[in-house]
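A.B. asks: please work out how this folds:
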Amino acid sequence: MQEVFKHIDAILAMDKSTLAVIACLCVVAAYFLRDFMANPVLIVFVYPVLFVCSVLFQYGIILMEVYPPQKMDLWLMWTVFACIAGNITGIAITAGLGRLVDRVRVVQAYKPAQG
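C.D. replies: Just a heads-up that it's a prediction; the model follows:
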């Protein structure tokens, strides 16, 4: 359990500039995703999924020690990569949950009444 708390603490201690870049890129992705949603207001629920997935990918890249954090160009490249991978994963998770909810609703809607 101590190991989990250590990882959570490291995720929460991520620098503000990295979080700002990830947040901006997720906002752009969410803006373009709203056109493809049945109800564009639901993008409020999609944005946090995109953001969390992107932060987790960034943390994974930091754990792999792929780049030295002091180099600006490498930091930006890997942060953008983490955001793209996180957005793809977040879109897949959201689409999968949407399909699951639709399937459950369809099954419940055609359930014959008993009695």
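A.B. asks: how many residues are close by C26?
C.D. replies: For C26, the count of nearby residues is 25 (other Cβ atoms under 10 Å). From N, CA and C alone the C-beta is placed, and that goes for glycine too.
A.B. asks: show me the contacts for it.
C.D. replies: 47, 50-51, 54, 83, 86-87 (Cβ atoms under 8 Å, 6 or more residues apart in numbering).
A.B. asks: excluding sequence neighbours, find me the nearest residue to the residue nearest to the spatial centre of the chain.
C.D. replies: Compute the mean C-alpha point of the chain, and by Cα atoms, centre = their mean the closest residue is L50, 2.4 Å away. Closest residue to L50 apart from its sequence neighbours, by Cβ to Cβ, 6 or more residues apart in numbering: G90 at 3.9 Å.
A.B. asks: buried stuff in the longest helix seen in the chain?
C.D. replies: Identified as the longest helix of the chain according to DSSP state H is helix 72-109. Across helix 72-109, burial judged by 16 or more other Cβ atoms under 10 Å covers 75, 78-79, 82-83, 85-87, 89-91, 94.
A.B. asks: how about these in a markdown table, adding distance to Y59 and pLDDT?
C.D. replies: Below are these laid out as a markdown table (distance: Cβ to Cβ, whole Å; pLDDT from 0 to 100):
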| residue | distance to Y59 | pLDDT |
| --- | --- | --- |
| W75 | 14 | 87 |
| W78 | 12 | 91 |
| T79 | 11 | 92 |
| A82 | 8 | 94 |
| C83 | 12 | 95 |
| A85 | 12 | 96 |
| G86 | 10 | 96 |
| N87 | 15 | 96 |
| T89 | 13 | 96 |
| G90 | 15 | 94 |
| I91 | 19 | 92 |
| T94 | 20 | 89 |
